[in-house]
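> Here is my input, please return the structure:
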Amino acid sequence: MTATSDDLIRALTIKGSAAVDALASALTSNPKDVQPVIDRLVKEGLVERKATAFRLTSKGKARGRELLAADRDRWGSKNAIAALQAFHLLDQRMKETVTAWQMREVGGQQVLNDHADPIYDRRVLGRLTALHQDTNDWLSSLRTAPKSVNQYLARLDRALQSARFDERFIASPAVDSYHGVWFELHEALMQLAGRTRSEAL
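Model (predicted):
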């Protein structure tokens, strides 16, 4: 998709800071299309560079709050809160699945999963696939949700497909992994519902 200035600001509101490649992935775009938008936001004083990443300035954060308020008003706070509550049921399954990917029981003890057992790993990936189908159904039902929420489905789809060939796409922070995208979706829903992470637990 073609990223707009507001799309970039929304993404940075969730991410905090990110490199161009990460922002392009978050917007299902490509770096060459995202870079000019970032450059324009830098000139307008909404975004600043920090080492190899970009983040919102005070002016940019204010614009982010305006966009969030507008999205919340259009969707309705009741809809946002209901979506967050429904998400929590899926989130519990996600936590259990990621834990099963990272740890496993051997001889009655929980140990780090060294991924030496392909049958076990395929079983966990099957759990993730089942969760993804339910998440797909749920996200698809949020017809009045902001575009920024609906876009998470494409990212989750991409991460799951990539995970079939590269296990990093399950939970590694080095790529736009399923777990990473899920975390950002949770953050977006909390912001729209006007909840902090501690309040949402």
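
> From here on, just use CA atoms for contacts and neighbour counts.
Fine.

> For stretch 130-143, output the C-alpha coordinates as PDB.
The C-alpha trace of stretch 130-143 is given here as PDB (Å, rounded to 0.1, in the frame of the first residue of the first chain):
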ATOM      1  CA  ALA A 130      -5.400 -22.500  14.500                       C
ATOM      2  CA  LEU A 131      -5.100 -19.400  16.600                       C
ATOM      3  CA  HIS A 132      -4.400 -17.400  13.400                       C
ATOM      4  CA  GLN A 133      -7.600 -18.700  11.800                       C
ATOM      5  CA  ASP A 134      -9.700 -17.600  14.800                       C
ATOM      6  CA  THR A 135      -7.900 -14.200  14.900                       C
ATOM      7  CA  ASN A 136      -8.600 -13.800  11.200                       C
ATOM      8  CA  ASP A 137     -12.300 -14.500  11.800                       C
ATOM      9  CA  TRP A 138     -12.300 -12.000  14.700                       C
ATOM     10  CA  LEU A 139     -10.400  -9.200  12.900                       C
ATOM     11  CA  SER A 140     -12.600  -9.700   9.800                       C
ATOM     12  CA  SER A 141     -15.700  -9.100  11.900                       C
ATOM     13  CA  LEU A 142     -14.500  -5.700  13.000                       C
ATOM     14  CA  ARG A 143     -15.900  -4.000   9.900                       C
END
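
> Other residues contacting it?
Contacts to stretch 130-143, defined as Cα atoms under 8 Å, 6 or more residues apart in numbering, come from residues 83, 90, 93-94, 150, 153, 156-157.

> Kindly report the same for stretch 155-170.
25-26, 28, 98, 129, 132, 174-179, 181-182.

> start to end distance for that stretch?
12 Å (Cα to Cα, to the nearest Å).

> pLDDT-wise, which helix or strand of this protein ranks last?
The helix or strand of the chain with the lowest confidence, counting by mean pLDDT, DSSP states H and E, is helix 197-200 at a mean of 62.

> how does this structure divide into domains?
With domains defined by automatic domain parsing, the chain comprises 5-67, 76-200.

> Please enumerate the helices of this structure.
5-15, 20-26, 31-43, 58-75, 77-102, 118-141, 147-163, 168-171, 178-193, 197-200 (DSSP state H).

> coming back round to it: deepest-packed of the domains of the chain, please.
domain 5-67 (a mean of 18; mean count of other Cα atoms under 10 Å).

> starting at the chain centroid, how far to that one?
15 Å (Cα atoms, centre = their mean, to the nearest Å).
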